[in-house]
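Novice: Kindly generate the corresponding structure for this input.
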Amino acid sequence: MPPFWQKLNSFFLFPLQMEPMIYASVLSLCGFLLMGGFFFALVAGIGLMLAVSRYAFKVAALASRGITDSADYRSDMMDDAWKALPWKFFGVLLVHGFVIGWTAGISPALGAVANLLSSLALPATLMVLINTCSLRAAINPFELLGTIAGIGKSYLLLCLFLFLLMQGVPMALGLLLPIVPRFVLAPLITFVMIYFSWVMAAMIGYVMYQHHAALDIDPVKAPDSAPVEPEDPAAAEARRRDAMVARLVQDGDMKSALDNAREWQRTGWDNAADQRRYHRLLKLTDRTDHLAQHAQRFIPLLVQQQRESEALEVWGSCYKRAPQFTLDSADHTLALARFAWKGMQSGHVLALLQGFEKQHPGHDRTPEALELIVRALKQGANKPDQALRVFMRMKTRYPDHPGTQEAEWILRDDLQKVLGQDPAKASGTPAATAP
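Specialist: Numbering: from 1, shown residues only. The predicted structure is shown next:
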């Protein structure tokens with residue numbers, strides 16, 4: 001992957017692509033509004049700065065995932081949290097200003113050092129904001145140092161190039177002002193500022209992509225590669241919801257995270273992603289009763305979708321928290337127990353099927369459950385004595401059921417030892433053949 005200083009042409013050409021060029025032109029025309037009265041110009045200026053910075057954050061965020069061509073932008077790639085990034089960046093600047101003012105009050109030299117450190121940290125601050133959408137993370141020195149360390153020596157070179165680009169604004173204006181009419185001065189200044197802002201955004205995003213592994217970024221595609229294939233809208237929405245909940249948890253707002261996840265799983269009762277998200281959040285709380293209640297709905301959905309491995313994991317998380325936890329459905333209980341037995345998890349089989357007869361009295365699948373218990377006790381846990389007791393109960397209650405005959409075949413050696421004769425003759429029934 002070429003370093004960013006070898007991609008300068010692409011950064012300077014980005015604002016000239018179709019979408020950013022049209023948007024920049026429209027915003028530049030809004031520069032005429034800056035020529036109104038003070039209050040009107042102030043409002044227009046804030047609106048322009050917000051629009052320009054929002055697009056800049058979007059450009060950098062998408063470039064960090066490898067999307068450098070505006071023609072590849074799609075609505076499902078966007079994150080609503082990006083809209084608040086300009087305000088969060090303003091909050092970071094306020095914090096930096098407070099620290100600089102405080103240190104300058106102690107010593108002018110300290111104030112100068114703080115100002116220099118703040119300037120050097122701004123690119124990393126933008127990267128952390130884009131990556132986490134968290135104001136708290138953006139003012140965390142350890143997050144900033146981790147980002148700088150992930151980029152390495154080229155971080156200082158990035159700071160130098162960004163500084164030179166910032167100087168490009170007054171230089172470009174100095175060249176253009178003598179040759180342009182006065183009435184287009186405001187739109188011209190606006191366009192120049194937009195142009196260099198988006199060039200810097202494209203550069204920062206590419207540097208983030210260049211170090212995506214160190215910055216824990218999942219790229220969508222490689223820059224300049226084939227156009228990205230459309231992502232499944234449902235998968236994109238699930239990813240967006242996961243990121244939103246993760247940010248809320250990271251910010252310590254567990255209540256909002258749970259409220260959102262609960263509502264999504266309520267309306268998306270057949271959506272495994274929504275149910276999985278809520279289950280994982282409940283595991284982070286002490287609400288064992290809610291965890292168990294939700295599992296009664298989530299596990300059948302997973303079994304229905306043939307995700308028995310995940311269903312067994314969900315059951316296990318509930319069983320660890322509440323050993324008395326049992327599934328309401330006999331069919332789903334037996335399905336999980338059979339899957340556990342395929343993985344030779346005899347402990348899970350026995351835990352799932354304990355109390356099956358009492359919980360589902362008279363159920364027509366009880367002999368199948370008892371036969372599986374016999375298998376788990378004899379072949380998995382090596383407890384033939386307990387397996388014999390279960391078999392004797394089967395022999396009394398379900399003498400003609402195929403499951404009873406299968407259990408008899410499994411215990412043929414133990415029955416012969418106990419009875420001292422062939423188990424088929426002792427029981428009066430033909431022995432079941434091996435499966």
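
Novice: so how far is residue 60 from residue 129?
Specialist: Going from residue 129 to residue 60 by C-beta to C-beta, to the nearest Å gives 9 Å. Quick note: C-beta positions are derived from backbone N, CA and C, even for glycine.

Novice: Same question for residue 197.
Specialist: Distance of residue 197 to residue 60, given as C-beta to C-beta: 10 Å.

Novice: and if you look at residue 95?
Specialist: Going from residue 95 to residue 60 by C-beta to C-beta gives 21 Å.

Novice: who's more crowded, these two?
Specialist: residue 60 (26 against 14; other C-beta atoms under 10 Å).

Novice: what's the nearest residue to residue 19 if we skip its chain neighbours?
Specialist: residue 70 (4.0 Å; C-beta to C-beta, 6 or more residues apart in numbering).

Novice: residues touching the one you found, list them.
Specialist: By C-beta atoms under 8 Å, 6 or more residues apart in numbering, the residues touching residue 70 are 14, 17-20.

Novice: ok, 7 Å please
Specialist: Contact analysis of residue 70 by C-beta atoms under 7 Å, 6 or more residues apart in numbering lists 17-20.

Novice: Next: residue 172.
Specialist: Counted by C-beta under 7 Å, 6+ apart, residue 172 has contacts residue 192.

Novice: do the same with residue 281
Specialist: By C-beta under 7 Å, 6+ apart, residue 281 lies in contact with 245, 257-258, 261.

Novice: Of the residues you listed, which pair is most distant in space?
Specialist: 245 and 258 (8.9 Å; C-beta to C-beta).

Novice: What is the burial count for residue 162?
Specialist: Neighbour count of residue 162, defined by other C-beta under 10 Å: 20.

Novice: give me the element it is part of.
Specialist: In this assignment (DSSP states H and E), residue 162 forms part of helix 154-176.

Novice: Then residue 368?
Specialist: Taking DSSP H and E as the definition, one finds residue 368 inside helix 366-375.

Novice: Equivalent analysis for residue 320, please.
Specialist: helix 308-321.

Novice: So for that helix, mean pLDDT?
Specialist: Averaged across helix 308-321, the pLDDT comes to 91.

Novice: Next secondary structure element downstream of that helix?
Specialist: For helix 308-321, the succeeding helix or strand toward the C-terminus, using DSSP H and E, is helix 330-342.

Novice: gap between that next one and the chain center?
Specialist: Between the centre of helix 330-342 and the centre of its chain there are 30 Å (C-alpha atoms, centre = their mean, to the nearest Å).

Novice: So which bits of the following helix or strand past it are buried?
Specialist: Downstream of helix 330-342, the first helix or strand assigned by DSSP H and E is helix 346-353. Neighbour counts over helix 346-353 (16 or more other C-beta atoms under 10 Å) mark 346, 348-353 as buried.
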